[in-house]
Structure formats: C-alpha cells, structure tokens
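K.L.:
Here is the input, now give the coordinates:
(chains A and B)
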Amino acid sequence: MNRRNARAPAGPPTVAPGLWHRERARGPEYFTRALGTTPSLRGEPLVEVEGRPFRRFEPTRSKVAAALVLGWDGPIPGNGEAWLYLGAAAGTTASHVADLVGATAPVYAVEPSVRPFLQLLAIAETYPNLLPILGDARRPESYGGTVPLVDGIYCDVAQPDQPEIVAANAAAFLRPGGRVLFVVKTASLGREPNAAAGLRQALDRLPDSLRPVASRSLEPFHRRHYLVAAEHAGTSSSVPPPPPRPAGGRIRPRSVRPGR
Amino acid sequence: MAPPVLARGGGVLYWFDAAGRLLAEERLDPDPEAAAHLILGRFRSVAPARRRAWADRGGAPGLVAEPDLAGALGELRLRVGTAAAEDLRRARAAMPPRPVVEERRLILPMARLAVGNALAGPDETLVALAREEARLERALGREQGAVAQWASAPSGPLAEHREAARRFRHAFEQHHRAIEARIEVAATAHVPNLAHLVGPKLAARLIAAAGSRAALARCTGSRIQLLGAKRRPDPERGPRFGVIYRAPGLEELPTDRQGRYARTLAALAAIAVRADAFTQRDLGERLVQRRDRRLAELRGARR
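P.N.:
Residues are numbered from 1 along each chain as shown, chains lettered A, B, ... in the order given. A predicted model of the protein is given here:
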C-alpha cells in the first residue's frame, strides 16, 4: 500500500457493491474496491472501507469516473456481471471495471497495440478477473473463441468507426438485455466541428436494437467526449449485424473545419 | 434449420446439434500453455487424426465451425463449413458458464505468447530500435553539455569521478553505435527501398512514427512529411518539421529550400515504402537518382 493509505478508515456511503464515495469541498470522490495484489496501480490514493482497500477512481484518467463525478445517472458495471472492454489501453479503467464487477466475474479487455498491452498484461497478472486479449475490436471473430456472451460492453476506442465497432461486438457478444457503455470521442469521429452534432451522428449510426438510455458530456475532464449508455432493446436472442458504414461525404471543406 | 456447430469456448471444444443442444465437449489440452500454443497456432499443431476425430464427432454432414477450426479441418479435406456469426452467437449462448479461474489459466498464457510473438516481429523490432536510438541520441546530446561543464583538473580530488564519467560516456556511445548497426541491418531487411532512399536510421524513425510498415505505406507523401512533427512554427500555421527534416543532405540547403526538398523526399519515401510493403520491387536506385537530381536542382536554384 502506498503512503497515502494512512488515512482514517471510512464507512458507508457505498453507492454500489465495490463502489464507495465521499463528498469533498471540491466535489465528490469515487473509490473502487481494489482487487489486485498491488492495490494502488498508478499511485492513486487509497482509503480503507470496512477493512478493505479502496482506490480512487480518477476522473481525469477514466471516463466512467468523470461521468460519476459529473452526476451520471445511467448504468455502471455491476457486481457479478461479465464485461467486454474494448480499447483497454494500459488497463487503468479496465482495472476499475474489474473492481466493480467483483473477483468472480470476468472482464475481457481487448487492446490491439502491443506496447500498452504490455502494461495491461502486467496489471492482469496481479488481478483475479482481468483477462487481457491482444486483438482488434474491429474483428470480433478473432477473439470469438475466447469471449462468451457478456452482460455489458464498454467501448473506449478513438476510431472514426466507433459506432460500428460497438455494433459488431454487441451483435457477437452482448446477451439479450445487456448494456453498453460507449465513450463517444467526437474528435475521432470525423471533422464535425460541433461535438453535440458529432454525438447525434454517432447515435444515429448505432443499430436500432441498441437503445440509448443515458448520455452525458464529460467536459471539463475529457474534451469533446460523451459517455452514452445503451441497452439491448430486443427480446430475441440476437442483435442484428451492424449496417454498412455510410460511404463518402465525411470530409468537409476547409472553410468549415474546426479551428485548432 | 440451423447447422450443427463445433465451437471453442476458452480451452474447450463444444459440439452442438442443429437444435442448439450441447452434445459433447472436449478439453483441448489440460496444460494451459500447450492449449494456448495450440489455439494461437490456429490448431495446426493438432495431429491430423485428432482433427479428423473432431469432425467425425460432429456426426452430421453440414457441420460448421469457427473460422480457425474450419480452416484447420479443411486442410484435411474434411467437409466443415465456416460458421456464420449467428451460428457462433447461438453456440456462445448455449455454452455452460466458465469459472473466472479457469478462464484466467488459459487467457494469461495466450496473452503472454501473443505479445511475445508480436514483439518479435520485424515491425516491432524496428520500432523498438528506433525509439531506443532516438532516446540515446537525446541523452548523448545532454551528456555533451554535461561534459563541457565538468570543471575538475585531471589530477585533482575529483579525478576518479572524471575518469568514471569518461568510461560511462564511452559505454554509452558504444551502445548507441551498436543500436545504429542493428537498425541498419533491420531496416535494410524490412524496408530496403526506404532505407536506401532516406538512410536506415530515418527509415526506422518514420516507421516508429507511423506505428508499422503497413501504416506508413498507407500514409500520403504530405502525411509522411509531417510524421513526428511536434511543434508549430507559430499558432497560425500547422506543424512543419517532421522527422524527415533530419534527412542527410537537407541541412546543406539554405533554409528557404529545405521545405521543398522535404516535400520531394516525402513523396519519394511514400513510393519507396509502398514498394517495400506491397510489391517488394527494387526501386531504390531509381528513387535515389530522382532524389539526387532534385537536390542538385535545389542547390543551384535561386529563391
């Protein structure tokens, strides 16, 4: 445990199993129950809640934490749920998601880049339920033999085809009634200068079977980012495959490009 | 009617009949490392007799399997189709839940193997070498300044430290030279045309900036000209000085012609790397001639 763990033990309020929060003068702070053998992975402060270490969920590092601090009222990964995490990068938020679902539920963390994956793997070695997969979220079939049907999909990929990536993975892995937490990175979507318009375009590109239930801008923690929660609306056992991407027409003339 | 499906879930093979009922299951290998090897090798290391038994166990004609498995079984000329996404989803839904401990036992060795294989590839080797070389070059530059500030006499009370610093610097330079030699070999093997055109060191840095040879081959000349650019000359203008500004010969030109040369060189580099990545044709000498012609033009050009 790090030096800041010397803080006085704390008790309720617990927001959800594995998630604890407290009010501070500068705003609320959220903590997740640390499941790893190294409780503080990136030097985040720890507190002790009912004898268990909880680590701070940093809003500047994690979009879910930012949404919680900003008053998120949508779903979050719950205890006992299996989640598929797309774009896990070095594993900071993925490890918090693993904290939230608890030690007996898996988090399948997909990352295509080798160097961040090394850090993700190092964290996964210390976690009971974080399962790293070196793969491309655009090709769900490449990890189809590893990932079962899951209760939720978290997608945080900086790609222009983010909605199609969510749709393809939901079609392959999301159980009926499952949930999606989709970080919409409007700056990566294209050259739409208006972030809200970018969000609308991204939502329009989601399949009808994924019904958005909550969305929230993550300003000022993450510029031009939104967190969107969607639920699998259909009652059938399948999510239809994603529609093809719109062809062309996405490059705007220089005069309407956003200023830098 | 849906076809019977042979599908993998973790380290287990499952057989489902046409109605989606689980017929049988078989663990691929009790040793997770061996199972990981087997899966990452796309099932090619499995003995043909065992693969034939897998297909036979499906029983009915029209058996479908996930792409890797179907490919491995197809090599034995067995009639196994590739399962549609919908069939695989149906199979996933019917698989019994797997405990996290079991999943972890298989997925961690798979991840270790996959990352080891990826890092051993020529792209990642070149990227790692280029980054290390750039880091050493920066560090050596800083060292140069530190040596200049060292103010003790050769025989004074700090003489031993002076000697230690000299040895340290010598070892540092040796390491840098060794890395440069390694880059030359790796770049000449992986991107021969590009290495011939812009030099192995710059070729490696361009690949590191793009991420891989394939990514660099998808870049336009104008993008290559900006790769690695970190600052903008002023807030009103975009970034300008990418790694291509470190090309040999560029510094000899007056500053007002360096941009023109960088543009030409980036365009030629785009051709070179596409030849390396796609056609494997030897264009190096022709591109070098075009480069030298342009360099001569610019040397003699008036503003």
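
K.L.:
can you list the domain ranges for the chain.
P.N.:
No chain in the question, so chain A it is. A:3-58, A:65-232 (automatic domain parsing).

K.L.:
wait, I meant chain B there
P.N.:
B:5-99, B:121-300.

K.L.:
ok, is the shortest one in contact with chain A or not?
P.N.:
Yes. With Cβ under 8 Å from any Cβ of the partner chain as the measure, domain B:5-99 is seen reaching chain A through B:7-10, B:39, B:66-68, B:85-86, B:88-90, B:92-93, B:95, B:97-99. Heads up, the C-betas are built off the backbone N, CA and C, glycines and all.

K.L.:
In strands, which of the residues you listed fall?
P.N.:
Residues of these located in strands (DSSP state E): B:7-9.

K.L.:
Compare the residues you listed and tell me which is most surrounded.
P.N.:
B:Ala7 (24 neighbours; other Cβ atoms under 10 Å in any protein chain shown).

K.L.:
May I have the beta-bridge partners of that one?
P.N.:
With DSSP bridges as the criterion, B:Ala7 is bridged to B:Tyr14.

K.L.:
what's the spacing between it and B:Ala171?
P.N.:
Using Cβ to Cβ, to the nearest Å, one obtains 55 Å as the distance from B:Ala7 to B:Ala171.

K.L.:
same check, this time on A:Arg33
P.N.:
A:Arg33 is 47 Å from B:Ala171, by Cβ to Cβ.

K.L.:
Please say which of those two ends up with more neighbours.
P.N.:
With neighbours defined as other Cβ under 10 Å, A:Arg33 and B:Ala171 compare such that A:Arg33 has more, 22 against 10.

K.L.:
ok, B:Pro99 - contacts?
P.N.:
A:Thr104 (Cβ atoms under 8 Å, 6 or more residues apart in numbering or on different chains).

K.L.:
For stretch A:121-131, give me every contacting residue.
P.N.:
Outside stretch A:121-131, the residues that touch it by Cβ under 8 Å, 6+ apart are A:35-38, A:41, A:90-91, A:94-95, A:98, A:101-109, A:132, B:100-101, B:103-104, B:107-108, B:111-112, B:115.

K.L.:
Going along the chain, name the helices of the stretch 101-250 of chain B.
P.N.:
For the stretch 101-250 of chain B, the helices defined by DSSP state H, counting those that start in this stretch occupy B:122-149, B:159-190, B:192-198, B:200-210, B:213-217, B:221-226.

K.L.:
so which of the domains of chain B gets nearest A:Pro220?
P.N.:
With Cβ to Cβ as the measure, domain B:121-300 is the member of these nearest A:Pro220 (22.0 Å).

K.L.:
and that closest one, how far from the chain's centre?
P.N.:
Computed by Cα atoms, centre = their mean, to the nearest Å, the chain-centroid distance of domain B:121-300 equals 18 Å.

K.L.:
Buried subset of the contacts of stretch A:121-131 as a ChimeraX selection?
P.N.:
Typed into ChimeraX, the line below selects the buried ones among those, using 16 or more other Cβ atoms under 10 Å in any protein chain shown:
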select /A:35,36,41,90,91,94,95,98,101,102,105,106,107,108,109,132 /B:100,103,104,107,108,111,112,115
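
K.L.:
Where does pLDDT dip in the stretch 151-300 of chain B?
P.N.:
B:151-154, B:233, B:238 (pLDDT under 70).

K.L.:
Next one, pLDDT for the nearest residue to A:Thr186 once chain neighbours are set aside please.
P.N.:
Closest residue in space to A:Thr186, ignoring its immediate chain neighbours: A:Gly198 at 3.2 Å, by Cβ to Cβ, 6 or more residues apart in numbering or on different chains. In this model, A:Gly198 is scored at 93, pLDDT.

K.L.:
One more: B:Ala2?
P.N.:
At B:Ala2, pLDDT is 80.

K.L.:
same deal with the one 10 residues further on?
P.N.:
As predicted, B:Val12 sits at a pLDDT of 93.

K.L.:
I'd assumed B:Ala24 was in contact with it.
P.N.:
No. Here B:Val12 does not reach B:Ala24: they are 10.5 Å apart, not a contact under Cβ atoms under 8 Å.

K.L.:
who's more crowded, the two?
P.N.:
Comparing B:Val12 with B:Ala24 by other Cβ under 10 Å, the one with more neighbours is B:Val12, at 18 against 13.

K.L.:
Can you tell me how far that one is from A:Ala109?
P.N.:
21 Å.

K.L.:
swap in A:Leu199?
P.N.:
Distance from A:Leu199 to A:Ala109, by Cβ to Cβ: 25 Å.

K.L.:
before we move on, what about A:Leu68?
P.N.:
20 Å.

K.L.:
quick one: contacts for A:Ala229?
P.N.:
Contacts of A:Ala229 by Cβ under 8 Å, 6+ apart are A:74-75, A:179-182, A:212-215.

K.L.:
Excluding sequence neighbours, find me the nearest residue to it.
P.N.:
Using Cβ to Cβ, 6+ apart, the nearest residue to A:Ala229 is A:Gly74, at 3.6 Å.

K.L.:
Need the three-state assignment for that neighbour.
P.N.:
Following DSSP: H, G, I helix; E, B strand; the rest coil, the label given to A:Gly74 is coil.

K.L.:
what's the distance between it and B:Glu180?
P.N.:
For A:Gly74 relative to B:Glu180 (Cβ to Cβ), the value is 53 Å.

K.L.:
Same check on A:Ile76?
P.N.:
For A:Ile76, the distance to B:Glu180 - Cβ to Cβ - is 50 Å.

K.L.:
So the two - more neighbours on which side?
P.N.:
A:Ile76 (23 against 16).

K.L.:
Isn't B:Arg263 up against B:Arg223?
P.N.:
No. Using Cβ under 8 Å, B:Arg263 makes no contact with B:Arg223, being 11.9 Å away.

K.L.:
low pLDDT regions in the stretch 1-150 of chain A?
P.N.:
A:1-14.

K.L.:
again, 90 this time
P.N.:
For the stretch 1-150 of chain A, applying pLDDT under 90 flags the ranges A:1-18, A:21, A:25-27, A:36-43, A:49-52.

K.L.:
What segments of it are helices?
P.N.:
Here the stretch 1-150 of chain A has its helices, by DSSP H, counting those that start in this stretch, at A:63-69, A:92-101, A:114-126.

K.L.:
Show the backbone phi and psi for the closest residue to chain B within chain A.
P.N.:
The nearest approach of chain A to chain B comes at A:Gly145, 3.8 Å away (Cβ to the nearest Cβ). Per-residue torsions, A:Gly145: phi -80, psi -10 (degrees, to the nearest 10).

K.L.:
can I assume it is in contact with B:Ala65?
P.N.:
No. Counting by Cβ under 8 Å, A:Gly145 does not reach B:Ala65; the two are 9.9 Å apart.

K.L.:
overlap in contacts of the two?
P.N.:
With Cβ under 8 Å, 6+ apart, A:Gly145 and B:Ala65 have common neighbours B:Ala7.

K.L.:
Just want to know which of these two has more residues nearby.
P.N.:
Between A:Gly145 and B:Ala65, B:Ala65 has the larger neighbour count (other Cβ under 10 Å), namely 32 against 22.

K.L.:
Quick check: that one vs A:Phe182, distance?
P.N.:
31 Å.

K.L.:
list the contacts for the spatially closest residue to B:Arg232 that is not a sequence neighbour?
P.N.:
Distance criterion Cβ to Cβ, 6+ apart; nearest residue to B:Arg232, sequence neighbours excluded, is B:Pro239 at 5.0 Å. Counting by Cβ under 8 Å, 6+ apart, B:Pro239 touches B:226, B:229-232.
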